[in-house]
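**Q** Below is the structure, and that's it, no one-letter string:
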């Protein structure tokens, strides 16, 4: 036993709630230690206690790091000892260069004057370590989110990291970037670095972790030693939800009807670069009761396609024909698209989906205020009633519909967004990454909602980077790459390999 | 057969969350009470400190209402602008400009004042529309657009009036700002029949009492319906206490007014506007959408809210109210002057922030903004009464603004 970190009996209280209750965590030198748990289980709180975001004294229990008890008063103290946390939402300054970001806060130089040549040389070395070939002077905004994640890791290396904590590092990465990141972690491990990884992607955890600590409802449930027993996703889930989940996806038994919605030869140009097509002549159709998936790598143009259809929320010079029940639609504004029967659940619920400062009730009715008002005057009782109904139907776990959206966990937030769009009574529901960053239990419930909707004869279009999810919930899958639909297959005949193969085939054909 | 009682024991976790909700509600309310309490405190302070309690004398209270009417009127528009996530620095200049145009039209062109009022309001709205267009559709930050507007209209006012005071105006026009609603006791026959002690302006007292009563009943009804829906409203005792204080304030002011000349016309205008905007912000679809827009513009947009048009309209509305304020100021001074409206925007914006409007948009209440404006008004008035120099007054107002916002931000971060 050579523990680099031991957290003993950590209890953290917030007014009215106990977020952590006697949590124990022991991380050994040189291992990759995963922390799993449903949303709201207390993983992030635990990491905030560790990194000093919650100062010593605001919690009970002991933190022993490298053999000494530590009392971090702020994040500075923990960083000083090499404990670096990389948050889910990246903390990079988008309009500064990679080099500037790497040394933000501890710039090389003297008397407040930055030594640019040292800074560039060291930046180059660090980028090489994480496998980036970009020039240090590239602006952050000009590199993809996968590379940004690597820059964050390089930044941690610049701070002489000893214990690296990654909070959902692959949540917004595609499969290729995720794999690269995980390999990097394994490589660091072989060089003796210790890391803690928080992730909902259990397959990734099963792949890299040496030990897994499972947290449920603020308490440690167990620590699984991955070398002592064969580890499977099912094994982890059992710990997280406290029971075996027989099925990851609810059974689908839906009668597929006539064609409901279609777009033909849909073309969209980039909003800033006129003439550059992001969507290049897509044909798509959805039948009543059908769940259609769009698979593809990040940057394939899936979100752009969806948003351009949804009232031209993205792009310029949008051409193509959209039809619902055989009638051509005018989708020139979002309001018209909603009235025509479309709904779009964004991939980014916090910045595009919710008014975080407002309560659940107001969020749910926002897209269909006419449904709770008479000649422009809102009927409070009716509104409360509607919100109450959706809260019950979708099992939004909250004491009241007056709870602010910002106080909900990811899964519950997503249910609020879904409620909003269900209340708008769409014919066609477009879901963009509907389960990103939410836990297994909530995922299952959301799949159930999708099924219900389909069984009412609506059409559902799902965009997801998790191929397993598309395979699990869709009837038919389109494969999109570089702005085009390159393949289409019934979900029954599809597999992850087949989807990847058709994407790769296209690359092969090009070169 | 015995009927089993519905023994529903709430699990500890739900009662915990219910407590949490209650704590949240309590915290939200606390701010409102804090604001109201501070207003009462400074009223009391000036009551004690001024000679013969001048600060609450009928004449002074009447003056206070008239002096501050323009702040209240414009704060209602500014509330919407700030809630939508913007700011308007040009309103002081619009007050000057609209006053100047209106004055010139009446004095030089001999235009009848009712037509001038309409023209002035249209000009105000048009200025708001021009600025609103630049903010909403051309996407230029409001700070810059209205800074430009401020310079332009201040300059135009100067050119128009060339340093002259333009006036006086017809009595009817002046009444907007300094007239009183005719009282029953103004009829000499009635007056003659009344005993000496009853020679007060009954109308204002009656309206004051009625207003307080209506407010109380409405608050109670809201509370009851909230409870009926299974929400968890504030404790009844607290509600009664709060409304009692409101009632005392309203009736107190009404009493004061009735001892002097009665109900000022401008107070009626102000009250009507406050009620209208209160309704707009809490009950109307349009109001709800403005809050959504300020809370998260992108999410509102993707929910079908026409964010650009709505932003445009909040500026049109602001211009309209600034135009009205321009008329009120000119009517009160009985002349249009080149410096009218100078730095009014600062008083108005300060009133909003003291009233708890969030500078980042999405949060703010009409009632609190009105209290914020009254707070500024009472301070201005009180400090003048005790003879504090104008520069020290500015220092005090600045400190009060910072203190109010500090308390806000501190509470928000703590919670």
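**A** That came through fine. What you see is a predicted model; the values in this text were computed from it and never measured.

**Q** Can you list phi and psi of residue A:191 for me?
**A** For residue A:191, the backbone dihedrals (degrees, to the nearest 10) come out as phi -90, psi 0.

**Q** any idea how far it lies from chain B?
**A** Residue A:191 sits 40 Å away from chain B, going by C-beta to the nearest C-beta, to the nearest Å. (C-beta placed from N, C-alpha, C; glycine too.)

**Q** May I ask you to confirm that residue B:295 is in contact with residue A:351?
**A** No: in this structure residue B:295 lies outside contact range of residue A:351 using C-beta atoms under 8 Å: 11.7 Å.

**Q** Look at these two and report which has more neighbours.
**A** Taking other C-beta atoms under 10 Å in any protein chain shown, residue B:295 and residue A:351 do not tie; residue B:295 has more neighbours (26 against 13).

**Q** list the contacts for that one?
**A** Residue B:295 makes contact with A:355-358, B:361-363, according to C-beta atoms under 8 Å, 6 or more residues apart in numbering or on different chains.

**Q** I'd like those residues as CSV, with pLDDT, secondary structure and distance to residue B:154 appended.
**A** Below are those laid out as CSV (pLDDT from 0 to 100; DSSP: H, G, I helix; E, B strand; the rest coil; distance: C-beta to C-beta, whole Å):
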residue, pLDDT, secondary structure, distance to residue B:154
A:355, 93, coil, 37
A:356, 90, coil, 39
A:357, 87, coil, 35
A:358, 91, coil, 38
B:361, 89, coil, 27
B:362, 90, coil, 31
B:363, 90, coil, 31
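
**Q** quick check, nearest of these to residue A:157?
**A** Using C-beta to C-beta, residue A:356 comes nearest to residue A:157 of these, at 33.2 Å.

**Q** Could you find the closest non-adjacent residue to the closest one?
**A** With C-beta to C-beta, 6 or more residues apart in numbering or on different chains as the criterion, residue A:356 has its nearest non-adjacent residue at 4.0 Å, and that residue is residue A:406.

**Q** Tally up the residues packed near that neighbour, please.
**A** 13.

**Q** cool, and residue A:323?
**A** Count around residue A:323 with other C-beta under 10 Å applied: 15.

**Q** Assign a three-state SS to it, would you?
**A** Put simply, residue A:323 is strand when judged by DSSP: H, G, I helix; E, B strand; the rest coil.

**Q** Would you agree it is in contact with residue A:262?
**A** Yes: contact criterion C-beta under 8 Å: residue A:323 and residue A:262 qualify, at 5.0 Å.

**Q** could you say which helix or strand contains the closest residue to residue B:336 other than its chain neighbours?
**A** Taking C-beta to C-beta, 6+ apart, and ignoring the residues beside it in sequence, residue B:336 has residue B:103 as its nearest neighbour in space, at 2.8 Å. Using DSSP states H and E, residue B:103 maps to helix B:91-107.

**Q** Give the other helices and strands that that helix contacts.
**A** On a contact count with 3 or more C-beta pairs under 8 Å, 6 or more residues apart in numbering or on different chains; DSSP states H and E, helix B:91-107 meets helix B:58-83, helix B:113-136, helix B:142-161, helix B:307-333, helix B:344-354.

**Q** now with 10 Å?
**A** Using 3 or more C-beta pairs under 10 Å, 6 or more residues apart in numbering or on different chains; DSSP states H and E as the contact test, the elements touching helix B:91-107 are helix B:58-83, helix B:113-136, helix B:142-161, helix B:171-178, helix B:307-333, helix B:344-354.

**Q** between those helices, which one is nearest to residue B:276?
**A** Nearest of the helices and strands packed on helix B:91-107 (C-beta to C-beta): helix B:58-83, 8.4 Å.

**Q** doesn't residue B:174 make contact with the residue nearest to residue B:336?
**A** No: in this structure residue B:103 lies outside contact range of residue B:174 using C-beta atoms under 10 Å: 11.9 Å.

**Q** So for these two, which residues contact both of them?
**A** Both residue B:103 and residue B:174 are in contact with B:167-168, B:330-331, B:333-334, where contact means C-beta atoms under 10 Å, 6 or more residues apart in numbering or on different chains.

**Q** top of the residues you listed by neighbour count?
**A** That'd be residue B:330 among the shared contacts of residue B:103 and residue B:174, by other C-beta under 10 Å, with 32 neighbours.

**Q** Now that one: closest residue in space, sequence neighbours ignored.
**A** residue B:99 is the one closest to residue B:330 (C-beta to C-beta, 6+ apart), at 3.8 Å.

**Q** That neighbour: neighbouring residues, count only.
**A** 31.

**Q** Just the pLDDT for it.
**A** On pLDDT, residue B:99 comes in at 96.

**Q** try the one 10 residues further on
**A** The pLDDT attached to residue B:109 in the predicted structure is 94.

**Q** So what does it look like in phi/psi?
**A** phi -90, psi 0.

**Q** separation between the residue nearest to residue B:330 and chain A?
**A** 33 Å.

**Q** Surely residue B:163 forms part of a helix?
**A** No: Residue B:163: not assigned to a helix; according to three-state DSSP it is coil.

**Q** how about the residue nearest to it when sequence neighbours are not counted, what does it touch?
**A** Among residues not flanking residue B:163 along the chain, residue B:338 sits closest, at 6.0 Å (C-beta to C-beta, 6+ apart). By C-beta under 10 Å, 6+ apart, the contact list for residue B:338 reads B:96, B:99-100, B:154, B:157-166.

**Q** Does residue B:338 belong to a helix, a strand or coil?
**A** Residue B:338 is classified as coil under three-state DSSP.

**Q** got a pLDDT number for it?
**A** 92.

**Q** Check the spacing between it and residue A:53 real quick.
**A** Distance of residue B:338 to residue A:53, computed by C-beta to C-beta, to the nearest Å: 55 Å.

**Q** try residue A:151
**A** Taking C-beta to C-beta, one finds residue A:151 at 22 Å from residue A:53.
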